[in-house]
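Asker: compute the structure for the input listed below.
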Amino acid sequence: MSKIVLLDSGPLGMVTNPKATPISLECRNWLESLKSRGYKAMVPEIADYEIRRELIRAGKLAGIRKLDALKTAIAYLPITTEAMLKAAELWARARQQGRPTADPKEIDGDVILAAQATVLTEIEGDEVIVATTNVGHLSLFVDAREWRLI
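Answerer: Below you'll find the predicted structure:
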């Protein structure tokens, strides 16, 4: 069983920010520390999408290059059919319980990320934590923690 940390778009955006701001440097150092602490970091495809679309829109080529470089440096978790089926189940369950995580017309990336984590846990048997800057919605479905607390 592996201990996996999935990067939500918050930490992913900080790690790939070409500007060396204090928080981006702190987040990069945190990411580098994960391996020595027994964690395997992964870039989920849905988080890549959320960051990449804004970088493309804003024409931020340096950010795109950093995102691409990170995807070769650590593991990349593509969206699978199993994850999308699980996402649909989680989305429906949240609404049935009166706890929607996004507008019904939105794609709801949080649910897709939670589904990716759930599939790793259920099918692969891994211990998965989602590193985020916003624990709220994700913690309805999976172990989600503020990145500094991992």
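Asker: pLDDT score assigned to Ile123?
Answerer: You'll see Ile123 listed with a pLDDT of 80.
Asker: surely it is within a strand?
Answerer: No - Ile123: not assigned to a strand; according to DSSP: H, G, I helix; E, B strand; the rest coil it is helix.
Asker: next, the closest residue to it other than its chain neighbours: secondary structure please.
Answerer: Closest residue to Ile123 apart from its sequence neighbours, by C-beta to C-beta, 6 or more residues apart in numbering: Glu82 at 6.7 Å. For glycine as for every other residue, the C-beta is placed from the backbone atoms N, C-alpha and C. Secondary structure, three-state DSSP: Glu82 is helix.
Asker: report how many residues lie close to Glu82.
Answerer: 14 (other C-beta atoms under 10 Å).
Asker: swap in Gly38?
Answerer: 8.
Asker: tell me how far it lies from Ala75.
Answerer: Distance of Gly38 to Ala75, computed by C-beta to C-beta, to the nearest Å: 15 Å.
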